[in-house]
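Participant: Attaching a predicted model along with its sequence, questions to come.
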Amino acid sequence: MRTISFLLVFLSLTFCQKEERDFEISFAFPSDPPSLDPLYATDLVSQKLARFLFAGLYEFQNSEIKQNLVKEDLFLPTKPFPKLIINLKSDNGLLADDVVFSIKRLLQDGSPRRGDYLMIKDIVKTSNSSFYLLLDENTVEREIKEKLALPFASILSQKSFRNNDSFDSFGLYRVEEWKKNEFLKLDLKDKNQSQFPKTILIRILPQSTTALFLYKKNKIDSFKLTDFLLTIPEADKNHTKVKQGKSIQYVAINHKNPCFDKKFRQALNFAIPRELIIQKLLENRADPIIGPVPKPFFDSVFKNDQMPLYNFDRNKSLSLLKDSKCYPKILETELEFRMRGDDENQAKGRAIVQSLRDIGLKVRLLGMEKAPLYKENGEGKGDLTLLTWYSDFPSVWNFIDPLFHEKKLGNGGNRSHYINSKLTKRLDQKRNFEDARNLIHEVEEDAPIIFLWSIQENYLVSDKFIRYESLSDFL
């Protein structure tokens with residue numbers, strides 16, 4: 001029955017979608033964006049699409065923040081309210097009115113990320129190409145520039161929005177056509193930029209096997225390889241692009257349970273044979289993490305070769321477990337290990353669960369659909385939950401703040417419901433990289449989660465894609 005369904009999918013794609021290749025490059029996305037409004041770019045697909053369509057005042061280049069639509073700026077740490085004074089570039093029709101309009105939209109009630117921008121007290125236009133932001137007294141320069149570099153803070157054309165209800169920005173591409181659940185067709189605004197394709201077709205393909213079929217038919221130029229496709233002949237060195245340090249996998253330990261004290265949490269961390277799982281199960285397609293930060297990202301920021309704190313040590317795990325608050329009663333308590341029910345996660349989950357059983361714990365594995373898994377986790381249900389965190393932007397703070405800030409419990413990012421007021425206060429200040437490194441080590445030592453690994457993202461790309469080297473940044 002599954003074979004017949006699979007063939008029907010292939011036939012429908014072959015005969016129902018556009019036959020002519022009226023595009024230069026085609027990407028595969030697993031789902032539609034919920035909206036073209038950058039204000040709602042809270043999911044991974046929307047954030048990827050935003051890179052094609054939108055532009056903000058600043059942008060991330062690796063872990064650095066660079067001016068984008070800004071010609072020059074000046075941060076004044078004045079009391080009681082600091083100011084960020086900005087002069088805009090004038091070669092693309094951008095006006096200060098567009099910025100004022102976009103920032104005020106960001107601060108309106110109902111904006112999903114409004115809370116992240118409350119440090120902006122006011123925005124004041126001083127000319128057609130200049131304005132300043134009046135900021136909260138504790139705001140530091142890097143924090144406000146990081147926030148202004150996110151897709152949510154993209155600048156829209158006020159005229160296009162008011163006249164046509166469209167989300168026209170100052171990015172590289174515009175949407176020429178959007179057929180929901182099928183494709184988006186993008187058109188390059190400046191045809192003189194030869195390093196980018198003039199047209200891009202983004203196909204909506206939830207199944208990687210379908211994307212592979214279309215890749216072989218020359219209808220797809222890039223898609224993300226799932227674990228079970230990593231060894232296919234097409235995925236050779238020349239046609240595989242690897243992205244490292246963009247996400248972490250971890251197990252959220254429910255801090256609402258008083259039995260899950262520090263020694264218990266450390267015991268769980270020492271129980272996991274990460275290197276063995278990475279080598280045998282993940283075929284070396286994952287990296288270690290330093291606390292909650294992928295090692296490649298950590299090393300690029302701090303320029304040193306740090307090693308993870310929790311190497312596999314079953315004897316140390318057993319010793320810590322015996323010293324934990326609820327031992328030995330915890331050995332008779334059935335713990336629920338929740339995770340997404342797909343094949344990839346099941347394999348990882350079974351390996352983790354077996355490691356926890358090996359130290360004497362009773363653990364029941366529960367596979368769930370994504371929506372109820374995240375909903376119930378946000379409500380504080382489940383003992384242990386296998387999750388993945390994709391960073392919103394390339395900053396070391398993004399791997400610490402949402403995951404452990406006590407005001408972002410549950411769906412805000414802190415899915416372990418971890419409360420540490422001293423940590424939260426320091427996260428609000430975000431002083432410098434040295435403070436970030438100290439916080440990473442403090443979090444690692446306190447073990448609020450089971451630290452696992454950083455999954456490498458592998459993309460299969462065509463020869464046509466390779467000719468546009470600049471596209472690799474959009475994967």
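Facilitator: Yep, that arrived. All values derive from a computational prediction rather than experimental measurement.
Participant: Could you use CA atoms for every contact and neighbour count after this?
Facilitator: OK.
Participant: What is the neighbour count of Arg265?
Facilitator: By other Cα atoms under 10 Å, the residues close to Arg265 number 23.
Participant: list the contacts for it?
Facilitator: Neighbouring residues of Arg265 by Cα atoms under 8 Å, 6 or more residues apart in numbering: 253, 447-450.
Participant: got it, and Gly412?
Facilitator: Pro402.
Participant: re earlier: and the contacts of Arg265, which two are furthest apart?
Facilitator: Greatest spatial distance in the contacts of Arg265: Ile253 and Ala447, 9.2 Å, computed using Cα to Cα.
Participant: quick one, phi/psi of Ile289?
Facilitator: Dihedral pair for Ile289: phi -130, psi 150, per degrees, to the nearest 10.
Participant: That one: how many residues sit nearby?
Facilitator: Residues lying near Ile289 (other Cα under 10 Å) number 28.
Participant: Straight-line length of stretch 306-325, end to end?
Facilitator: Using Cα to Cα, to the nearest Å, one end of stretch 306-325 lies 31 Å from the other.
Participant: swap that for stretch 64-78, sorry
Facilitator: Terminal residues of stretch 64-78 lie 24 Å apart, using Cα to Cα.
Participant: Kindly report the same for stretch 396-409.
Facilitator: Stretch 396-409 has an end-to-end distance of 20 Å (Cα to Cα).
Participant: Would you pull up how far that stretch lies from the middle of the chain?
Facilitator: Relative to its chain's centre, stretch 396-409 lies at 13 Å (Cα atoms, centre = their mean, to the nearest Å).
Participant: residue closest to the middle of the chain?
Facilitator: What sits nearest the mean C-alpha location of the chain, by Cα atoms, centre = their mean, is Tyr390, with 2.5 Å.
Participant: The residue in the chain sticking out farthest from the centre: what's it in contact with?
Facilitator: Distance from the C-alpha centroid of the chain, by Cα atoms, centre = their mean, peaks at Pro328 (38.8 Å). Counting by Cα under 8 Å, 6+ apart, Pro328 touches Lys322.
Participant: Could you tell me how far it is located from Lys322?
Facilitator: Using Cα to Cα, we find Pro328 at a distance of 7 Å from Lys322.
Participant: Leu118 now?
Facilitator: Taking Cα to Cα, one finds Leu118 at 46 Å from Lys322.
Participant: Just want to know which of these two has more residues nearby.
Facilitator: Neighbour tally, Leu118 and Lys322, criterion other Cα under 10 Å: the higher count belongs to Lys322, 17 against 13.
Participant: what's near enough to touch the more buried one?
Facilitator: Lys322 sits next to Pro328 when contact means Cα under 8 Å, 6+ apart.
Participant: where exactly do the helices run in the stretch 51-200 of the chain?
Facilitator: Secondary structure of the stretch 51-200 of the chain (DSSP state H, counting those that start in this stretch): helices located at 96-106, 141-148, 158-164.
Participant: I'd like to know which of those helices is closest to Val124.
Facilitator: Short answer: helix 96-106, nearest of those by Cα to Cα, at 7.6 Å.
Participant: other SSEs contacting that closest one?
Facilitator: Contact partners of helix 96-106 among helices and strands, from 3 or more Cα pairs under 8 Å, 6 or more residues apart in numbering; DSSP states H and E: strand 120-127, helix 158-164.
Participant: In its sheet, which strands sit next to the longest one, and in what direction?
Facilitator: When pairing is defined by DSSP bridges, strand 120-127 lines up against strand 130-135 (antiparallel).
Participant: Show me the contact partners of the strand it pairs with.
Facilitator: The contact list for strand 130-135 (Cα under 8 Å, 6+ apart) reads 81-88, 96, 119-126.
Participant: Narrow those residues to those that are buried.
Facilitator: For those, a burial check counting by 16 or more other Cα atoms under 10 Å picks out 81-88, 96, 119-120, 122-123, 125.
Participant: hmm, back to that, how much space between the residue farthest from the centre of the chain and Gly360?
Facilitator: For Pro328, the distance to Gly360 equals 10 Å [Cα to Cα].
Participant: mind giving me the domain ranges of the protein?
Facilitator: Residue ranges for the domains of the chain, per automatic domain parsing: 20-35+174-242+458-474, 55-164, 247-455.
Participant: Flag the helix or strand of this protein with the lowest per-element mean pLDDT.
Facilitator: Least confident helix or strand of the chain, by mean pLDDT, DSSP states H and E, is helix 2-16 with a mean of 47.
Participant: Next, count neighbours for Lys180.
Facilitator: Neighbour number of Lys180 under other Cα under 10 Å is 13.
Participant: residues contacting it?
Facilitator: Taking Cα under 8 Å, 6+ apart, we find Lys180 in contact with Asp32.
Participant: got it, and Ile200?
Facilitator: Contacts of Ile200 by Cα under 8 Å, 6+ apart are 23-27, 185-187.
Participant: most surrounded residue in those?
Facilitator: Among the contacts of Ile200, Ser26 has the most neighbours (other Cα under 10 Å), with 28 neighbours.
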